[in-house]
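Peer 1: based on what follows, work out the 3D shape:
(2 chains)
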Amino acid sequence: MKKQSAWLLASLAALVLVGCAGQKEPAEKAFASAQAALATIHDAAQKYAPDQLQAVETQLAGVKDSLAKGDYKGALDAAPALTTAISSLKDTADAKQKDAEAAAAAAKDAWGPLSTDVPNMVAAIQSRVEVLSKSHHLPKGVSKDGLASAKSGLDSMKAAWSDASNSAAAGDFTSAVGKAQAMKAQAADIMKSLGMSSG
Amino acid sequence: MADDKTPPAANNPYTQAYVVVSGDTLSKIAQKYYGDPALYTKIFQANRDVLSDPNKISPGQKLRIP
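Peer 2: Okay, here's the model as predicted:
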């Protein structure tokens, strides 16, 4: 009886060991596959969905931890959710990248007219300021403070234009357009203060 | 961008334009826009392509006001 119990116990232990060993390879393969899939989308995910990437990396680390502990069943059980999470991350990153590229293309289109308008506005203001600076009396509606403000505004716009142009030259049209639009608004205000209206 | 001496470009859409009416003179126009009739020369210089004589302007003429 004792021999039979011992034999039974030994058999059961052997079965468990074989079962675990049977899950090891599939679990390791599942982990390697997930790790490789994540690597292919890592850069885009880092740029466009960093929070979601962090969550997926935490999940991956969990599976790795299970493997390290020999919990191959646990690792295998977690693998499908991890695969889904990586797929979802890819979809999110792809969609956001597409949106960003569309926005950049729109900004590039908007830059063209602004790159002409803003310098023209500044040139017109500069000319008027130059003439008014020679005037013995300012015209109705234009004050000394207004003229002084226009002069300092011109200086700041020249610096801002240099900044905007540099952004455009570097390919960052989104930034360039934002700066140019702000300048255009400022120039319009200055023109109004000087009694200017365009032809 | 324009330096301090650069006149407005002839095709600058933001350069102010003025259409001459009967009774106008360049001095009166300079008074209106600059507060100083003596600065009529600025308007004349900016419109040399349409004005040959600062004393001769005609109603309907479109002038650039720098």
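Peer 1: C-alpha from now on. contacts and neighbour counts both.
Peer 2: Noted.
Peer 1: contacting residues around the residue nearest in space to the middle of chain B?
Peer 2: Nearest to the geometric centre of chain B sits residue B:43, at 2.9 Å (Cα atoms, centre = their mean). Counting by Cα atoms under 8 Å, 6 or more residues apart in numbering or on different chains, residue B:43 touches B:26, B:30, B:63-66.
Peer 1: most proximal residue of chain B with respect to chain A?
Peer 2: residue B:35 (3.8 Å; Cα to the nearest Cα).
Peer 1: pLDDT score assigned to the residue of chain A found nearest chain B?
Peer 2: Nearest to chain B, among the residues of chain A, is residue A:139, at 3.8 Å (Cα to the nearest Cα). Looking at residue A:139, its pLDDT stands at 96.
Peer 1: and if you look at residue A:6?
Peer 2: For residue A:6, the model assigns a pLDDT of 75.
Peer 1: low-confidence stretches in chain B?
Peer 2: Along chain B, the parts satisfying pLDDT under 70 run over B:1-9.
Peer 1: helices of that one, start to end?
Peer 2: B:26-34, B:40-46 (DSSP state H).
Peer 1: again with chain A
Peer 2: Counting by DSSP H, the helices of chain A are A:2-48, A:50-68, A:72-134, A:144-169, A:173-193.
Peer 1: output the contacting helices and strands for the longest one.
Peer 2: This points to helix A:72-134. helix A:2-48, helix A:50-68, helix A:144-169, helix A:173-193 (3 or more Cα pairs under 8 Å, 6 or more residues apart in numbering or on different chains; DSSP states H and E).
Peer 1: quick check: mean pLDDT of the second one?
Peer 2: The reference is to helix A:50-68. 98.
Peer 1: buried set for that helix?
Peer 2: A:50, A:52-53, A:56-57, A:59-60, A:62-64, A:66-67 (16 or more other Cα atoms under 10 Å in any protein chain shown).
Peer 1: which residues sit against stretch B:59-66?
Peer 2: Against stretch B:59-66 from outside (Cα under 8 Å, 6+ apart): A:124, A:127-128, A:131, B:7-8, B:15-22, B:24, B:33, B:42-43, B:46-47.
Peer 1: before we move on, what about stretch A:46-55?
Peer 2: A:42, A:45, A:89, A:92-93, A:96-97.
Peer 1: one more time with 7 Å, if that's ok
Peer 2: For stretch A:46-55, the surrounding residues in contact (Cα atoms under 7 Å, 6 or more residues apart in numbering or on different chains) are A:45, A:89, A:92-93, A:96-97.
Peer 1: so where's chain A uncertain?
Peer 2: For chain A, the ranges with pLDDT under 70 are A:1-2, A:10-21, A:198-199.
Peer 1: domain ranges for it?
Peer 2: Using automatic domain parsing, the domain parsing of chain A gives A:2-98, A:101-193.
Peer 1: out of the helices and strands packed on helix A:72-134, nearest to residue B:54?
Peer 2: Proximity to residue B:54, assessed across the helices and strands packed on helix A:72-134 by Cα to Cα, is greatest for helix A:173-193 (26.3 Å).
Peer 1: follow-up on the earlier one: farthest-separated two in the contacts of stretch A:46-55?
Peer 2: A:89 and A:97 (12.0 Å).
Peer 1: so those two - more neighbours on which side?
Peer 2: Counting neighbours by other Cα atoms under 10 Å in any protein chain shown for residue A:89 and for residue A:97 shows that residue A:89 has the greater number, 25 against 17.
Peer 1: and that one, how far from residue A:42?
Peer 2: 9 Å (Cα to Cα, to the nearest Å).
Peer 1: distance to residue A:118 added to the helices of chain B, as JSON lines?
Peer 2: Rendered in JSON lines, the data for these read as follows (distance: least, Cα to Cα, whole Å):
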{"stretch": "helix B:26-34", "distance to residue A:118": "22"}
{"stretch": "helix B:40-46", "distance to residue A:118": "21"}
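Peer 1: buried deepest among these, which one?
Peer 2: Compared across those, helix B:26-34 shows the largest average neighbour count, a mean of 21 (mean count of other Cα atoms under 10 Å in any protein chain shown).
Peer 1: hmm, who's touching that one?
Peer 2: A:132, A:135, A:138-139, B:36-40, B:54.
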